[in-house]
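# Structure for the following, please:
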Amino acid sequence: MMRNPEQTIGNLINKQNNAFIASVDGEGFPNMKAMLSPRKRNGIREFWFSTNTSSMRAAQYRENPKAGVYFYDKRFYRGVQLRGTMEVLTDAAVKEEIWQPGDEMYYPKGVADPDYCVLKFTAQNGRYYANFKSEDFLV
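Next comes the predicted model:
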């Protein structure tokens, strides 16, 4: 049993360059996508990603906010699945907060590009896998 889920899972997340996000399509099927690691996070509860406003994923989250995020540590074959909700944010202050140099490559009009938005994931619970065992936890 994890003594400190926040620390154990936080350490795993900190070492990953990628995350996998899941949405639900109009037919109720899960859709997965690899993303760069979150731009910002608040413990293991809140995560912020950047994406295109016009993306299929953003449209799916607007329709159905149920979401999942998965982080995988290939070296030690362990991972964590987080379940919760995803919000599509277009607020200028939030967009500015997670903007990084080089983002112009994806959003040529800069931080005010209408095709730039922020996905904010809020976890409710999760499942951690390590050492051939799984453990559910609340966030």
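# On the strand side of things, show who the residue lying closest to residue 89 once chain neighbours are set aside bridges to.
The spatial neighbour of residue 89 that comes closest, neighbours along the chain excluded (CB to CB, 6 or more residues apart in numbering), is residue 118 at 4.3 Å. C-beta coordinates here come from the backbone N, C-alpha and C atoms, glycine included. Beta bridges link residue 118 to residue 50, residue 89, judged by DSSP bridges.
# so what's residue 118 scoring on pLDDT?
For residue 118, the pLDDT comes out at 98.
# List the residues that contact it.
Each residue near residue 118 by CB atoms under 8 Å, 6 or more residues apart in numbering is listed here: 39, 48, 49, 50, 51, 88, 89, 90, 91, 94, 95, 98.
# per-residue confidence at the nearest residue to residue 39 once chain neighbours are set aside?
Spatial nearest neighbour of residue 39, excluding adjacent residues (CB to CB, 6+ apart): residue 98 at 3.8 Å. With respect to pLDDT, residue 98 has a value of 97.
# Just want the phi and psi numbers for residue 98.
Reported as degrees, to the nearest 10, the phi and psi values for residue 98 are phi -100, psi 0.
# Likewise for residue 107?
With angles defined as degrees, to the nearest 10, residue 107 sits at phi -130, psi 80.
# In contact with it: list those residues for me.
52, 113, 115, 116.
# Buried subset of those residues as a PyMOL selection?
The buried residues among the contacts of residue 107 can be selected in PyMOL (16 or more other CB atoms under 10 Å) with this line:
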select buried, resi 113+116
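# I'd like the contacts of residue 107 as a markdown table, with secondary structure appended.
As requested, these are exported to a markdown table (DSSP: H, G, I helix; E, B strand; the rest coil):
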| residue | secondary structure |
| --- | --- |
| 52 | strand |
| 113 | coil |
| 115 | coil |
| 116 | strand |
